[in-house]
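Novice: what shape does this take:
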Amino acid sequence: MIYLEPRKTFDSMILGISTDNSVVYDLDAIIAYYTSQLGDRSEAIDFVYFNIVEMHVGYTSPLFVSKEDLPDELPR
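Specialist: Next up is the predicted model:
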């Protein structure tokens, strides 16, 4: 499994582990974190997608899910 670093920051944003052993992260929480760091939501979204979401580092690359996209019957 591949984790985002620093783990102290990003481990609280883990939603679970997929069936193929990829770590599943809360995309909304990651964007919120970078918004607080960069001061601008639009810039944070660009940064997150370019530098994190679109990285592919192998079979077990992390996955990113927006809680807003989850079905209503799943816990949030």
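Novice: so who does the closest residue to Asp26 other than its chain neighbours touch?
Specialist: Nearest non-adjacent residue to Asp26, counting by Cβ to Cβ, 6 or more residues apart in numbering: Met13, 4.7 Å away. All C-beta spots, glycine's among them, are computed from the backbone N, C-alpha and C. Each residue near Met13 by Cβ atoms under 8 Å, 6 or more residues apart in numbering is listed here: 4, 25-26, 29-30, 33.
Novice: those in helices, which ones?
Specialist: Counting by DSSP state H, these place 29-30, 33 in helices.
Novice: check contacts around Met55.
Specialist: Applying Cβ under 8 Å, 6+ apart, the residues contacting Met55 are Ser61.
Novice: so it: helix, strand or coil?
Specialist: Secondary structure, DSSP: H, G, I helix; E, B strand; the rest coil: Met55 is coil.
Novice: pLDDT at it, what is it?
Specialist: At Met55, the pLDDT value in this model is 86.
Novice: could you measure from it over to Val24?
Specialist: In this view, Met55 and Val24 are 15 Å apart by Cβ to Cβ, to the nearest Å.
Novice: for Leu15, same thing?
Specialist: Leu15 is 5 Å from Val24, by Cβ to Cβ.
Novice: swap in Val57?
Specialist: If you measure Val57 against Val24 using Cβ to Cβ, the figure is 15 Å.
Novice: just the buried residues out of the contacts of Met13, in ChimeraX syntax.
Specialist: Those of the contacts of Met13 that count as buried under 16 or more other Cβ atoms under 10 Å are selected in ChimeraX with:
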select :4,25,26,29,30,33
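Novice: wasn't Glu68 part of a strand?
Specialist: No. Assessed with three-state DSSP, Glu68 is helix; it does not lie in a strand.
Novice: am I right that it is in contact with Asp28?
Specialist: Yes. Contact criterion Cβ atoms under 8 Å: Glu68 and Asp28 qualify, at 6.7 Å.
Novice: still on that earlier bit, so Val57 and Val24 - more neighbours on which side?
Specialist: Per other Cβ atoms under 10 Å, whichever of Val57 and Val24 has more neighbours is Val24, with 15 against 8.
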